[in-house]
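J.: predicted model, plus sequence, below.
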Amino acid sequence: MIKKMIKRLLSEKKRKIVREQVQRLTSPLFYGHHFYCNCCDKSFRKFLTKGYVARVNAHCPFCASLERTRVLELYIQKELNLYESENTKIRHFAAEYGLFRKLSKNKNITYIEADLNPAYARNVIDITNIPFPGQYFDYIICSHVLRHVPDETLAEKELHRVLKSDGTALILTLLSDKDKTFEDNSIQSVESKIKSYGDHDLCRLHGKDFAQRLESNGFKVEEIDYRLQFSEAFQKKHALGNGEREKIFKCTK
């Protein structure tokens, strides 16, 4: 009853803001020293559980970073140093709060976060129809977006089009143990999508051929499991996942 009332009274954007504020206000309840979030630079006694298939210690109580977000932040910080770069144009789809907070602090870059849903970004942009000229962005960040897009091929071609000739796109997705990506347009109900893809709003489940799919649309691809750059103790402390969701596909032209 209360949830329905709130939904009627508040827009989706306002509900999102309220959820985030409540989360940050209650995060001190989880303060401790067992886990560390490199996205918000806070320590906790535990992270929160996340996912239809529950992943324990996955979700940061303050900034909502997930395992993949923390891996990506480490890569951006240590390999690209985008927090201190200059004259750099970055397009960030479905920007995660922790990354958005850090990247947007750098006033020497052009940082454009975007989402199809106006409740989640200042810039409403369809990834299959990006309103920028070709070879415009130095970096594109696209984490766990493509599996939600009905026309993945068109989206990948658009990403390739707007990326500079010497640019880099960082693309992440959930990977299954199947050799080929599974998608079936007849799967439409929430229940069947959860059963087939693992979540209610997905269009496919990527397999081991994901890099090949990117390559077929023009990219050169390097698959990076950046977790392995760190000790097991570091991986556990930062909760960097098991590699199913955290691999970085570094795409260039």
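T.: On my side now, so go ahead.
J.: CA only for contacts and neighbour counts going forward, please
T.: Noted.
J.: center of the chain, which residue is that?
T.: Central residue of the chain (CA atoms, centre = their mean): S143, 3.1 Å from the mean position.
J.: so that one touches T173, yeah?
T.: Yes. The criterion here is CA atoms under 8 Å, and S143 meets it with T173 at 6.3 Å.
J.: skipping adjacent residues, who's closest to I76 in space?
T.: Leaving aside its sequence neighbours, I76 sits nearest to L82 (CA to CA, 6 or more residues apart in numbering; 6.3 Å).
J.: where does the one you found land in three-state SS?
T.: At L82 the chain is in coil, as set by DSSP: H, G, I helix; E, B strand; the rest coil.
J.: pretty sure it is touching E73, no?
T.: No. Between L82 and E73 there is no contact under CA under 8 Å: 10.0 Å.
J.: what sits against G243?
T.: By CA atoms under 8 Å, 6 or more residues apart in numbering, the contact set of G243 is D225, R227.
J.: coming back round to it: can you check the pLDDT for the residue nearest to the centre of the chain?
T.: Looking at S143, its pLDDT is 98.
J.: give me the number of residues near the closest residue to it other than its chain neighbours?
T.: Spatial nearest neighbour of S143, chain neighbours left out: L172 (4.5 Å); criterion: CA to CA, 6+ apart. Using other CA atoms under 10 Å, L172 has 25 neighbouring residues.
J.: which ones are touching L172?
T.: With contact set as CA under 8 Å, 6+ apart, L172 has these partners: C142, S143, H144, V145, R245, E246, K247, I248, F249.
J.: 10 Å - rerun?
T.: Residues in contact with L172 (CA atoms under 10 Å, 6 or more residues apart in numbering) are 68-69, 72, 141-147, 210, 223, 244-250.
J.: measure it to K107 for me?
T.: 26 Å (CA to CA, to the nearest Å).
J.: ok, N129 next?
T.: Plainly put, N129 is 27 Å away from K107 if you go by CA to CA.
J.: just L175 next, same as before
T.: On the measure of CA to CA, L175 and K107 end up 35 Å apart.
J.: please apply the same query to R101.
T.: According to CA to CA, R101 and K107 sit 12 Å apart.
J.: ok, E20 next?
T.: Distance from E20 to K107, by CA to CA: 25 Å.
J.: between the two, which one's more packed in?
T.: E20 (17 against 13).
J.: just give the closest residue to P150, not the sequence neighbours.
T.: Of all residues not flanking P150 in the chain, C203 sits nearest, at 6.0 Å (CA to CA, 6+ apart).
J.: which one is I224 nearest to, not counting chain neighbours?
T.: I224 sits nearest to I248 (CA to CA, 6+ apart), 5.0 Å away.
J.: dihedrals phi and psi, the one you found?
T.: phi -100, psi 120 (degrees, to the nearest 10).
J.: in the stretch 101-250 of the chain, mark out all the strands, start to finish.
T.: Secondary structure of the stretch 101-250 of the chain by DSSP state E, counting those that start in this stretch: the strands cover 109-115, 123-124, 137-143, 163-172, 220-224, 248-252.
J.: can you give me the buried ones in the longest one?
T.: If I follow you right, that is strand 163-172. By 16 or more other CA atoms under 10 Å, the buried positions in strand 163-172 come out as L163, K164, G167, T168, A169, L170, I171, L172.
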